[in-house]
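S.K.: No sequence on hand, only this structure:
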């Protein structure tokens, strides 16, 4: 198991490096290779601007993901062939929450998207001269057995979920991690951080990099790689 853990970390580090390289070719206003792309302006109407349909998430998940997993043990074959990478519990950019009904694995493209979202969020905070906060990932990949348990507890859970294909993750818009603050007066409200993250996701969505759904009851952004 130790060798698999080392493999997961190495694989994700490679993903992070790829993400960093891609950012060197793109500036933060949407320019790529010297060509400026005018993106729509995000106004914070979450339920309208970040409201990709379930069928869009499902289409993206089936196109980019693995075969839906029945059991957690089924991840091993996908780990061995490189189809799945494991997310570390703690990184400077994000933290994976304590997961009860999902497992911290994603296909490489989805892991890279998570890194891109986290880097853009950090860079946006820096550009706005705000203290740095870390994103909290609240749900990742669900096996059939995870879904069965979840559906007994959550009536809103559906059996045909994009989370089944390792392409989809949820990021809280209510909880953000901050390092030990030296000045509590500089704390940023969750509402403002939610808006900053919404801007980031809105831009990535309009670059056709992901589908995004603002989940009100679950207090998260539901994100699927494209």
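M.R.: Looks like it came in fine. If you're wondering where the values come from, they're calculated on a predicted model, not measured in any experiment.

S.K.: what's the burial count for the nearest residue to residue 105 once chain neighbours are set aside?
M.R.: Using C-beta to C-beta, 6 or more residues apart in numbering and skipping residues adjacent in sequence, the residue nearest residue 105 is residue 84, 4.6 Å away. Yep, even glycine has a C-beta here, placed from its N, CA and C like the rest. When neighbours are defined as other C-beta atoms under 10 Å, residue 84 has 25 of them.

S.K.: Tell me if I'm right that residue 84 and residue 78 touch.
M.R.: Yes. The criterion here is C-beta atoms under 8 Å, and residue 84 meets it with residue 78 at 4.2 Å.

S.K.: what residues are up against the nearest residue in space to residue 74 that is not next to it in sequence?
M.R.: Excluding the flanking residues, the one nearest residue 74 by C-beta to C-beta, 6+ apart is residue 143, at 6.9 Å. Contacts for residue 143 (C-beta atoms under 8 Å, 6 or more residues apart in numbering) come out as 68, 69, 70, 71, 72, 74, 103, 164.

S.K.: Quick check: ChimeraX command selecting the buried ones in these.
M.R.: Burial among the contacts of residue 143 is assessed by 16 or more other C-beta atoms under 10 Å; the matching ChimeraX selection reads:
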select :68,69,72,103,164
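
S.K.: Filter the contacts of residue 143 down to just the ones in strands.
M.R.: Cross-referencing the contacts of residue 143 against strands under DSSP state E gives no overlap.

S.K.: So which of the contacts of residue 143 is the closest to residue 174?
M.R.: For these, the residue nearest residue 174 by C-beta to C-beta is residue 103; the value is 22.5 Å.

S.K.: Please give me every residue in contact with that closest one.
M.R.: Taking C-beta under 8 Å, 6+ apart, one finds 72, 75, 140, 141, 142, 143, 146 in contact with residue 103.

S.K.: Helices of this protein, residue ranges please.
M.R.: Secondary structure of the chain (DSSP state H): helices at 2-24, 46-49, 54-64, 75-80, 108-127, 144-153, 190-206.

S.K.: could you say what helices and strands the fifth one packs with?
M.R.: In this structure, helix 108-127 packs against helix 2-24, strand 133-139, strand 168-172, helix 190-206, strand 220-225, with contacts taken as 3 or more C-beta pairs under 8 Å, 6 or more residues apart in numbering; DSSP states H and E.

S.K.: Confidence-wise, which of the ones you listed is weakest overall?
M.R.: For the helices and strands packed on helix 108-127, the weakest mean pLDDT is recorded on helix 2-24, namely a mean of 45.

S.K.: Run a quick neighbour tally on the closest residue to residue 153 other than its chain neighbours.
M.R.: With sequence-adjacent residues excluded and distances taken as C-beta to C-beta, 6+ apart, residue 153 is closest to residue 101, at 7.9 Å. Number of residues near residue 101 (other C-beta under 10 Å) recorded here: 19.

S.K.: Lovely, talk soon.
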